[in-house]
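**Student:** sequence unavailable; structure follows:
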């Protein structure tokens, strides 16, 4: 129980006493005025208005049951409907001890029922103990909220840092390969469109799609480990060179795994999977793991098709851009590997929209 002196007395809170009997109000005022600023109301309606005006300003309410205008139980009912009783301790002080009154009062959220005539040291102890408990809970709640805010701010900084790292990695690829600048941005856009504009993404949330689209920009991050002579070779790769080029899938996943700061980013597990598996094929003839059918995640399947579509549609160091109809025929006929039939169906349903990403980069 706190003292009437010291720092607490400089930060007194307000207690509301609601009772139509002036003598009862004087007695309660005398008991608690050393500890709190006292506010009084002479009937239930006035008391309710005072509470609703600022419940956060009150440390407790001492409420008589039998009063004119509005009885104490009805005041409690209205406070319950307003959701106030969870944060404001309300004590009923009554000469009646009817079981039905007590049962309803406690059921609504009254913290305690004190019988009249009051015994000063008993009512002081009971009320003070509850108020101190509520105050401790409020302090704890404020502390938790403050800690949560700091943790959220730290998490947001980490996400921004990780996202900046992702964008930096994509930029690094852009410097090394002529195809990887606008290419990665288009892959991200195509991936997002296929997952939001078709049935492919029906099991994914909007947040999932956002992270997959971000992860898609890192699909070729492993090309950092491929020698320039192979990466930017103007002609066809030899079988030996192609084997080296194929390692960019495994190298990409390995590189991402070696960056601890990325591990907490929600796009990380998508990026790992896409980097390693965006060259797998529906018939199991892809690389590096020879995955087949639904062993390949839908996001890796989507990025795989987006990668092929973009590569065929744009000029590369080793080829010119193909006309749109030729691109579609090659994808449809499996010239660049076999794709999930459902994926192809969804792709062709939105391809006309996707083709607008290329403008004058290819012949119609």
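**Tutor:** Structure's in. What do you need? Owing to the predicted nature of the structure, the values given are computational and were not obtained by experimental measurement. Residues are numbered from 1 along each chain as shown.

**Student:** ok, now which ones touch residue 120?
**Tutor:** Contact analysis of residue 120 by CB atoms under 8 Å, 6 or more residues apart in numbering lists 27, 30-31. In this view, the C-beta of every residue, glycine as well, is placed from N, C-alpha and C.

**Student:** let's see that with 7 Å instead.
**Tutor:** Residues in contact with residue 120 (CB atoms under 7 Å, 6 or more residues apart in numbering) are residue 31.

**Student:** how far away is it from residue 143?
**Tutor:** Per CB to CB, to the nearest Å, residue 120 is found 34 Å from residue 143.

**Student:** repeat that for residue 326.
**Tutor:** 65 Å.

**Student:** who has more neighbours, those two?
**Tutor:** Legend: neighbour count by other CB atoms under 10 Å for residue 326 and residue 143, higher for residue 326 (15 against 10).

**Student:** so is the more buried one in a helix, a strand, or just coil?
**Tutor:** helix (DSSP: H, G, I helix; E, B strand; the rest coil).

**Student:** repeat for residue 84
**Tutor:** coil.

**Student:** my read is that it contacts residue 55, right?
**Tutor:** Yes - using CB atoms under 7 Å, residue 84 is in contact with residue 55, at 5.0 Å.

**Student:** can you give the domain ranges for this protein?
**Tutor:** 7-146, 177-361 (automatic domain parsing).

**Student:** give me the mean pLDDT for the longest one.
**Tutor:** Read it as domain 177-361. Across domain 177-361, pLDDT averages out at 91.

**Student:** tell me the centre residue of the protein?
**Tutor:** Nearest to the mean C-alpha position of the chain, by CA atoms, centre = their mean, lies residue 207 at 8.8 Å.

**Student:** phi and psi next, for that residue.
**Tutor:** Main-chain dihedrals, residue 207, degrees, to the nearest 10: phi -70, psi -40.

**Student:** look up the closest residue to it, ignoring the ones flanking it.
**Tutor:** residue 266 (7.4 Å; CB to CB, 6 or more residues apart in numbering).

**Student:** and if you look at residue 109?
**Tutor:** residue 85 (3.4 Å).

**Student:** number of residues surrounding that neighbour?
**Tutor:** Neighbours around residue 85, by other CB under 10 Å: 18.

**Student:** do residue 243 as well
**Tutor:** Residue 243 has 12 neighbours, counted by other CB under 10 Å.

**Student:** and it, what element?
**Tutor:** Using DSSP states H and E, residue 243 sits in helix 239-246.

**Student:** quick one: name whatever helix or strand follows that helix.
**Tutor:** With DSSP H and E, the next secondary element past helix 239-246 is helix 248-257.

**Student:** show me what counts as buried in the helix or strand hosting residue 183.
**Tutor:** Using DSSP H and E, the element containing residue 183 is helix 181-196. Along helix 181-196, these residues count as buried under the neighbour rule (16 or more other CB atoms under 10 Å): 183-195.

**Student:** check which residues of the strand or helix carrying residue 210 are buried.
**Tutor:** Assigned by DSSP H and E, residue 210 belongs to helix 206-216. In terms of neighbour count (16+ other CB under 10 Å), helix 206-216 has its buried residues at 208-216.

**Student:** can you name the residues in contact with the helix holding residue 243?
**Tutor:** Contacts of helix 239-246 (CB under 7 Å, 6+ apart): 226, 230, 237, 287-288.

**Student:** how about the residues you listed in JSON lines, adding secondary structure and distance to residue 248?
**Tutor:** Formatted as JSON lines, the contacts of helix 239-246 follow (DSSP: H, G, I helix; E, B strand; the rest coil; distance: CB to CB, whole Å):
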{"residue": "226", "secondary structure": "coil", "distance to residue 248": "5"}
{"residue": "230", "secondary structure": "helix", "distance to residue 248": "10"}
{"residue": "237", "secondary structure": "coil", "distance to residue 248": "12"}
{"residue": "287", "secondary structure": "coil", "distance to residue 248": "10"}
{"residue": "288", "secondary structure": "coil", "distance to residue 248": "10"}
